[in-house]
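J.: The following comprises the amino acid sequence and a computationally predicted model.
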Amino acid sequence: MRTLPTLMIRVLSPFVPLFSRRVWPHVQVLLIGAILAPGKRTVSSALHAMGLSQEERFHRYHRVLSRARWSSRKVSRALLGLLVEMFVAEGDPLVVGIDETLERRYGKKISAKGVYRDPVRSTHHETFVKSSGLRWVCAMLLVEIPWAARVWALPFLSALAPSERYAAKRGKRHKKITEWAWQLLLQIRRWYPEREIVVVADGAYASLKLLDRCRSLSRPVAFITRLRLDAALYEPAPLRRPGQIGRPRLKGERLPNLSVVAEAKIPPRSGSPPRSPTGMEKGSVRSRSLQRLPCGTARACSPCLCAGSFSETREESSKLRPSSVPTLKLIQSKSSFGL
């Protein structure tokens, strides 16, 4: 059996207790082979990169992924611990990216495969290409690599998200990618119950249910996502007058669409701090946008996007922690988020 350098063995030491004594030597070969292998990182290409293409007992390396008993969740936790120790300073928030990726597979025995939009071969407006494969929802740690001078997304946890047709054939309930993302975030919160967590995702994860779940945790998770330009935005609901009857209002006055706000050119006042495209002063938050709505439950909170439930004044807004950044209370129509 080939031996690894001492430095590599020291790095892999947290993973040793997660595998049996018979499986661990084969895991080391596959890991190093996957790093050195060009092209597709299969078991065969990993063995070829390690000079074991003529190995007679090659089936033992395939059994590491097919029959060996080990927990991928524990491996993900150990990997995340190494990444946080290496790249995240103590006390800094964990910035996690959530996105899905397509693994192109066409075999007949791959039952969970489906037909999805290929983001690599498709363009934003003109070309739409579909591919057959497996869809994975991945959680990535966003850190700035010192020698790269840029932010890298380092994946550490993933979940297979089968298609709706796959679930219907087996009589199972179909889970959307937002539900898989919630399970990943809940797992990360359990691993780091006291750490500040900031999640960054694209518009596919702008779900009211997902955002409300992140807000409702005992240690809320800050969620940053992208809204559609035609999203229906509203002011917070006004406070009820004494003796007022009827159902409480869930939203206030309608705000202009984001497309209109982006095109508007507001000249800055002389001697005033710079303003953002929404017309608000940078570094400050309007106190009237931070009035908490009367929505303590998820059922009542369904029409409003409450990523933060805080009441802060303009002077106190500078003291907010990264995970408690308040946002405007947004009212979203069904067509905007696809609900």
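T.: Good, I have the coordinates. Residues are numbered from 1 along each chain as shown.

J.: how is the protein carved up into domains?
T.: Per automatic domain parsing, the structural domains of the chain span 6-66, 72-224, 230-339.

J.: CSV for those, including mean pLDDT and mean neighbour count?
T.: In short, each C-beta sits where N, CA and C put it, glycine included. As requested, the domains of the chain are exported to CSV (pLDDT from 0 to 100; neighbours: other CB atoms under 10 Å):
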stretch, mean pLDDT, mean neighbour count
domain 6-66, 89, 14
domain 72-224, 90, 15
domain 230-339, 54, 14
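
J.: show me where this structure has helices.
T.: Per DSSP state H, the chain carries helices over the ranges 6-11, 24-36, 43-49, 59-66, 72-87, 164-169, 177-191, 208-216, 258-263, 334-337.

J.: For Ala206, which residues are in contact?
T.: Counting by CB atoms under 8 Å, 6 or more residues apart in numbering, Ala206 touches Thr225, Arg226, Leu227, Arg228, Phe337.

J.: my bad, should have said Gln187
T.: Contacts of Gln187 by CB under 8 Å, 6+ apart are Arg73, Leu157.

J.: Kindly provide the distance from the most centrally placed residue in the chain to Cys214.
T.: Geometric centre of the chain, nearest residue: Ile98, 2.0 Å, by CA atoms, centre = their mean. Between Ile98 and Cys214 the computed distance is 11 Å (CB to CB, to the nearest Å).

J.: which residues are common contacts for those two?
T.: Leu185, Val199.

J.: picking up where we left off before, leaving out the residues flanking it, which one is nearest to the residue nearest to the centre of the chain?
T.: In space, Ile98 comes closest to Ala201 once its chain neighbours are excluded; the distance is 4.3 Å by CB to CB, 6 or more residues apart in numbering.

J.: mind listing what the one you found touches?
T.: Counting by CB under 8 Å, 6+ apart, Ala201 has contacts Gly97, Ile98, Asp99, Ala181, Phe223, Ile224, Thr225.

J.: so who does the second one touch?
T.: Residues touching Ile98, when contacts are defined by CB under 8 Å, 6+ apart, comprise Val137, Cys138, Ala139, Met140, Ala181, Leu184, Leu185, Val199, Val200, Ala201, Tyr205.

J.: In strands, which of the residues you listed fall?
T.: Val137, Cys138, Ala139, Met140, Val199, Val200, Ala201 (DSSP state E).

J.: What distance do you get for the closest residue to the fourth one other than its chain neighbours to Leu142?
T.: Which is Met140. Using CB to CB, 6+ apart and skipping residues adjacent in sequence, the residue nearest Met140 is Ala153, 3.9 Å away. Distance, Ala153 to Leu142, by CB to CB: 6 Å.

J.: Common neighbours of those two, please.
T.: Gly97.

J.: Closest to Val260 out of the contacts of Ala201?
T.: Thr225 (20.5 Å; CB to CB).

J.: doesn't Leu208 make contact with the closest one?
T.: No - assessed by CB atoms under 8 Å, Thr225 is found out of contact with Leu208, at 11.1 Å.

J.: Noted, bye for now.
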